[in-house]
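K.L.:
Sequence first, predicted coordinates after that:
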Amino acid sequence: VLCLLMAAAVAAAPRAGLLDFISRYANTYVPEDAQTYVQTDVATLENELVTATVRELYYDGKVARMVVDVTPKADNILLLGEDMYPEDAWENMKLHPGGEENQDLRTVSQVYEEDGYEAAYAVSVGLWPVDENTLSTGGVMDYYGNEDGTLTIYQQEEYKNAPEELTARLRVLVIPWEAPLTEGSKPLREQRQELNQLLTLTQTAAATEAYLCTQPVELPSVGVRIDGLLIEVKPQELYATLDFTVTDRAAYDALDSGLWFEFIDPESTAETPYEQRLMEGLTGGGSISPVDCDDPAYANQFRQRETLGRNELHQAYTIRAFDAWEKQRYETVELVMQPATPEEAAAFLGE
């Protein structure tokens, strides 16, 4: 009876959703109402090998996030994340790896042999805009394996020039590995199978609250001038766009393209500079790209994009310049924000 109860508990255990994947990252703020803006049970695709269910989906006009459950139709099929290889540790297939005493030290090929699998497939998913004017500018992928053999995949895509309602092609790739799966096996990409379906992504909150600062601020030690900062309020995070211009080429080049601006708490008593930063948004990361030409070595105007936690909406932001390579900090300046209309925000972004 105990064994039956344990099996039922495993089968009934809820699978991880969008926020379960994102909340694992340090210094990331997850709003209390974040789940409110997540659409569930969106679509189901299948072929003779697998059933793929888009269990959760979020779209805010800039970022799309989804969780897809891919379930094999036979017990002898092993589904793997797209970057898993036979020699990799099986522990990498877990959402929450065990501690030193609870790790599964087997390789993928050992699991394949010991658990009686007869075929292995790598699975990947993507959301591609149909409109050629909307561009995908990058993404994040994560996954884990469930006890019942289902592969749960988290996919995040960022878009440029995306409309409030985006038509995108969901593509699920199922790529076979040479069988039997050993450390010498190779993926047979030319034999891949595709599942495709058009999805309509609707922006969760059409009205975007925005704040803008266009008061130029000089930072002579790093040879640039901050031209403006835009903060856009979205349901799950804030989008920060900071523009700057090179005013002293020698000072700027001395940082070897390592200049970055960090948003910090001026009242922080944290000991390390990193701990002084404001909390990040769910998208995480960030980028700096040239605006006036394609080659960063010759560009004079740049744009930094990143996200902040939705709890970090302030009337003013303290910005500190630092060298991403040497970790040296430079000037700290304050940018005072003013409410911006949708037209003003669009003009700043050049849309």
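P.N.:
Looks like it came in fine. Residues are numbered from 1 along each chain as shown.

K.L.:
Helix, strand or coil: sort out the residue nearest the centre of the chain for me.
P.N.:
For the chain, the residue sitting closest to the mean C-alpha position, by Cα atoms, centre = their mean, is V140 at 4.1 Å. Put simply, V140 is strand when judged by DSSP: H, G, I helix; E, B strand; the rest coil.

K.L.:
That one contacts G126, doesn't it?
P.N.:
No. Between V140 and G126 there is no contact under Cβ atoms under 8 Å: 11.7 Å. C-betas here are computed from N, CA, C, even on glycine.

K.L.:
Quick one: the helices in the stretch 251-351 of the chain, in order.
P.N.:
Shown for the stretch 251-351 of the chain, the helices assigned by DSSP state H, counting those that start in this stretch span residues 342-349.

K.L.:
show me where it has strands.
P.N.:
259-264, 286-290, 301-308, 316-323, 329-336, 338-340 (DSSP state E, counting those that start in this stretch).

K.L.:
So for A240, which of those sits nearest?
P.N.:
Closest approach to A240 among the strands of the stretch 251-351 of the chain is made by strand 301-308 (5.4 Å; Cβ to Cβ).

K.L.:
what's the angle from that closest one to strand 316-323?
P.N.:
120 degrees (axes from the mean of the first three to the mean of the last three Cα atoms, to 10 degrees).

K.L.:
ok, now which ones touch the nearest residue in space to E118 that is not next to it in sequence?
P.N.:
Once flanking residues are discounted, E118 sits nearest to N76: 4.2 Å by Cβ to Cβ, 6 or more residues apart in numbering. Counting by Cβ atoms under 8 Å, 6 or more residues apart in numbering, N76 touches G116, Y117, E118, A119.

K.L.:
about what we covered before: now, of the strands of the stretch 251-351 of the chain, which is deepest in the fold?
P.N.:
When the strands of the stretch 251-351 of the chain are scored by mean count of other Cβ atoms under 10 Å, the highest mean neighbour count falls to strand 259-264 (a mean of 22).

K.L.:
Flag the shaky bits of the stretch 1-150 of the chain, pLDDT-wise.
P.N.:
Applying pLDDT under 70 to the stretch 1-150 of the chain flags the ranges 1-13, 99-101.

K.L.:
for the stretch 201-350 of the chain, which spans come out with low pLDDT?
P.N.:
Scanning the stretch 201-350 of the chain with the threshold set as pLDDT under 70 gives 205-207.

K.L.:
before we move on, the earlier item: how about JSON lines for the strands of the stretch 251-351 of the chain, with distance to E178 added?
P.N.:
Formatted as JSON lines, these follow (distance: least, Cβ to Cβ, whole Å):
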{"stretch": "strand 259-264", "distance to E178": "44"}
{"stretch": "strand 286-290", "distance to E178": "38"}
{"stretch": "strand 301-308", "distance to E178": "41"}
{"stretch": "strand 316-323", "distance to E178": "47"}
{"stretch": "strand 329-336", "distance to E178": "52"}
{"stretch": "strand 338-340", "distance to E178": "56"}
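
K.L.:
which residues of the stretch 1-150 of the chain fall in strands?
P.N.:
Taking DSSP E, counting those that start in this stretch as the criterion, the stretch 1-150 of the chain carries its strands at 39-46, 50-59, 63-72, 77-81, 119-129, 135-145.

K.L.:
How far away from the center of its chain is the second one?
P.N.:
Pointing back at strand 50-59 there. Centroid separation between strand 50-59 and its chain, computed with Cα atoms, centre = their mean, to the nearest Å, is 16 Å.

K.L.:
Just the angle for it relative to strand 39-46, thanks.
P.N.:
Going by the same axes, to 10 degrees, strand 50-59 makes 150 degrees with strand 39-46.

K.L.:
Quick check: can you name the pairing partners of strand 50-59 and their directions?
P.N.:
With DSSP bridges as the test, strand 50-59 is paired with strand 39-46 (antiparallel), strand 63-72 (antiparallel).
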